[in-house]
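> Model the structure of this input:
(one chain, ligands or ions: 2)
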Amino acid sequence: MVSTLAQYAVIDLHLHLDGSLSPAWMLEWAEKQQIELPAHTPEALLPYVSAPQDCSDLNEYLRCFDLPLSLLQTPEALSAAVADVLQRLDQQGLIYAEIRFAPQLHTGLAMSQEDAVQAALTGLQNGLANTQLFKANLILCCMRAADNKAENLETIRLAKKYLAKAEAGVVAIDLAGAEGLFPTNNFAEEFHYASEISVPFTIHAGEAAGAESVQQALALGASRIGYGIRSIESESVMAQLVRQETPLEMCPCSNLQTKAAQSLKDYPLRRFLTRGIVATLNTDNMTVSQTSLQQEYRLLAQEYQLSRAEAKQLMLNSIAAAFLPAEEKMALLNTIQQRYPQLFE
Ligand SMILES: O=c1[nH]cnc2c1ncn2[C@H]1C[C@H](O)[C@@H](CO)O1
Ligand SMILES: [Zn+2]
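Numbers count the residues shown, from 1 in each chain. Ligands and ions are numbered 1, 2, ... in the order given. Alright, predicted model coming up:
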């Protein structure tokens, strides 16, 4: 049963590029760019780029991104990183992925945010050409910080610009970063602007802050919620998620590490599914969380008694939740049915 359920790992809607670079890729690109790393083998590098066993919270988890981000400051590296992640997802048997990154975190050398978006899109096209993936798209993250409104607004402007280019590959924006330090409502102006110009968005909420953060994200107009774990604390928020059919992008491995969830035993996924919330299963950060989508399904199968019906529901929810037009969702479903007919038996 356990290995069977891992076959449902075909769609990842919540995957950060910078948290998912392989250690081998990091070593290769550090050498190419003459960047000194604190370790010189994949195994020795791992402690610097993955969450510690005893990770205390989201703030500690977020420290794992400094090193990979230092390697992603040129167009060549950014393109290569996207293509490499796509290749690894293809090898794992995925069919569709939405990869997210924050353009404003890639302007440390000479790139503008737009250069970063274009580089990531080049990587997306190059990567897709060499895989069997149905498709992949990009989500541009705004960041929770103190003085970055201009940068966030620029990210949203770019999302609009590239969303308007049919088939470019940008599908939405996100809000990532330290939720406990910078409340969702601090970013109201950003998301009013996104709504005004019809840029769809997901917001990381209900991770380091409570159900009120999910409530705020919904009030701002989020069409999906990153995790939303702590929605479980509010009947009215859960009712709203059901009523509005707002999907939750759940990432158990990461949620346990950041202490958004205290234990798998109390993980609210099943209660969300039972209530009819459109919960989906994702990785968040393959390297920081030392996971893969198959591993997430395996973890839930082994330690959460995830059933086959639940696994199938999660996969179907991911199709419903994808930032894709209706006809592409149908084509995605058809592709999955053709490649993996056993998932529908
Ligand atoms: O779990 C997370 N919560 C909030 N922010 C996160 C999480 N994982 C990654 N990020 C941030 C750190 C990355 O540098 C940024 C863009 O991918 O998104
Ligand atoms: Zn995330």
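> List, one by one, the residues from the stretch 101-250 of the chain near ligand 1.
For the stretch 101-250 of the chain, the contact set with ligand 1 under Cβ under 6 Å from any ligand atom comprises 101-102, 105, 141, 176-177, 204, 207. Heads up, the C-betas are built off the backbone N, CA and C, glycines and all.
> Swap in 8 Å and give it another go.
101-102, 105, 141, 143-144, 174, 176-179, 204, 207-208, 226-227 (Cβ under 8 Å from any ligand atom).
> and of these, the nearest to residue 129?
Set against residue 129, the nearest of these by Cβ to Cβ is residue 101 (20.0 Å).
> tally of neighbours for the closest one?
Residues near residue 101, counting by other Cβ atoms under 10 Å, number 27.
> show me what contacts it?
Listed by Cβ atoms under 8 Å, 6 or more residues apart in numbering, the contact set of residue 101 reads 16-18, 72, 116, 120, 138, 140-141.
> follow-up on the earlier one: quick check: ChimeraX command selecting the buried ones in the residues of the stretch 101-250 of the chain next to ligand 1.
What follows is the ChimeraX syntax selecting those of these that are buried according to 16 or more other Cβ atoms under 10 Å:
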select :101,102,105,141,143,144,174,176,177,178,179,204,207,208,226,227
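> So which of the residues of the stretch 101-250 of the chain next to ligand 1 belong to strands?
Counted as lying in strands by DSSP state E, out of these, are 101, 141, 143-144, 174, 176-177, 204, 226-227.
> and which of those is nearest to residue 167?
So of those, ranked by how close each gets to residue 167 (Cβ to Cβ), first place is residue 101, at 19.3 Å.
> For ligand 1, what's its nearest residue on the stretch 151-300 of the chain.
residue 176 (3.3 Å; Cβ to the nearest ligand atom).
> doesn't residue 100 make contact with that residue?
Yes - assessed by Cβ atoms under 8 Å, residue 176 is found in contact with residue 100 at 7.4 Å.
> Which residues are in contact with each of the two?
Counting by Cβ under 8 Å, 6+ apart, the residues touching both residue 176 and residue 100 are 16, 141.
> thinking again about what came up before, tell me which of the contacts of residue 101 fall in helices.
116, 120 (DSSP state H).
> so residue 240, which of the three states?
helix (DSSP: H, G, I helix; E, B strand; the rest coil).
> same deal with residue 166?
coil.
> Neighbours of it, how many?
Neighbour tally, residue 166, other Cβ under 10 Å: 5.
> With the one 5 residues further on instead?
Other residues within reach of residue 171 by the criterion other Cβ under 10 Å amount to 20.
> do the same with residue 109
9.
> Quick check: it touching residue 75?
No - when contacts are counted by Cβ under 8 Å, residue 109 is not listed as touching residue 75 (10.0 Å).
> Rebuild the ones in strands among the residues of the stretch 101-250 of the chain next to ligand 1 as CSV, extending it with pLDDT.
Converted to CSV, these look like this (pLDDT from 0 to 100):
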residue, pLDDT
101, 99
141, 99
143, 98
144, 98
174, 98
176, 98
177, 97
204, 98
226, 98
227, 97
